[in-house]
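**Student:** fold the following for me, if possible:
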Amino acid sequence: MKTNILGLPVKESELIVTDLNTLLSNFQVYYQNLRGIHWNIRGKRFFDLHVKFEELYNDAQLKIDLIAERVLTIGGTPLHTFEDYIKHNKLTVGKGISNDEKAVHLIVNSLSDLLKIEREILNKSDEINDEGTNSMMSDFIAEQEKTIWMMRAWLEESL
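**Tutor:** Numbers count the residues shown, from 1 in each chain. Next up is the predicted model:
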């Protein structure tokens, strides 16, 4: 089996790059959704949610950079066009959402969809002992699970 300079199998690393680019694309859509609801939120909870949505999109922006850098680290090229992002997107695109509960539901559903992609990557990266990708996915998953719990608590919903 041919390995790269990191000691990871080349063929399997290429598959992980493809999956990371899918995750990157979906995070870009998630980021844009967050920007949209941040700008358009209305109502009595505006001040709290406006700040929270900004916190979430800043976090998403950092994760986007981490994903792209991981793609580069394991020998790939990160996707970087809107055309690519839409082609690989699995998330609902939120358009014109100004209602607080609809906005929070969009976040919960988006994070749930991102978790599915991340768990697939985690399983594949674990099989080839790609600890760098494992660690990143584990961190993302733990943080997003907590955010889902908090958002559902805000919605007064249980898991």
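**Student:** three-state assignment of G7?
**Tutor:** Following DSSP: H, G, I helix; E, B strand; the rest coil, the label given to G7 is coil.
**Student:** how close does D113 get to K124?
**Tutor:** Taking Cβ to Cβ, to the nearest Å as the measure, D113 falls 18 Å from K124. C-beta coordinates here come from the backbone N, C-alpha and C atoms, glycine included.
**Student:** same question for A142.
**Tutor:** 19 Å.
**Student:** so the two - more neighbours on which side?
**Tutor:** Here A142 and K124 are compared on neighbour count by other Cβ atoms under 10 Å; more neighbours surround K124, at 19 against 10.
**Student:** and the strand or helix carrying F27, how far out from the chain middle?
**Tutor:** Per DSSP states H and E, F27 falls inside helix 10-40. Its chain's C-alpha centre and that of helix 10-40 lie 6 Å apart, by Cα atoms, centre = their mean, to the nearest Å.
**Student:** likewise stretch 101-108?
**Tutor:** Taking the mean of its C-alpha atoms, stretch 101-108 sits 15 Å from the chain's own mean (Cα atoms, centre = their mean).
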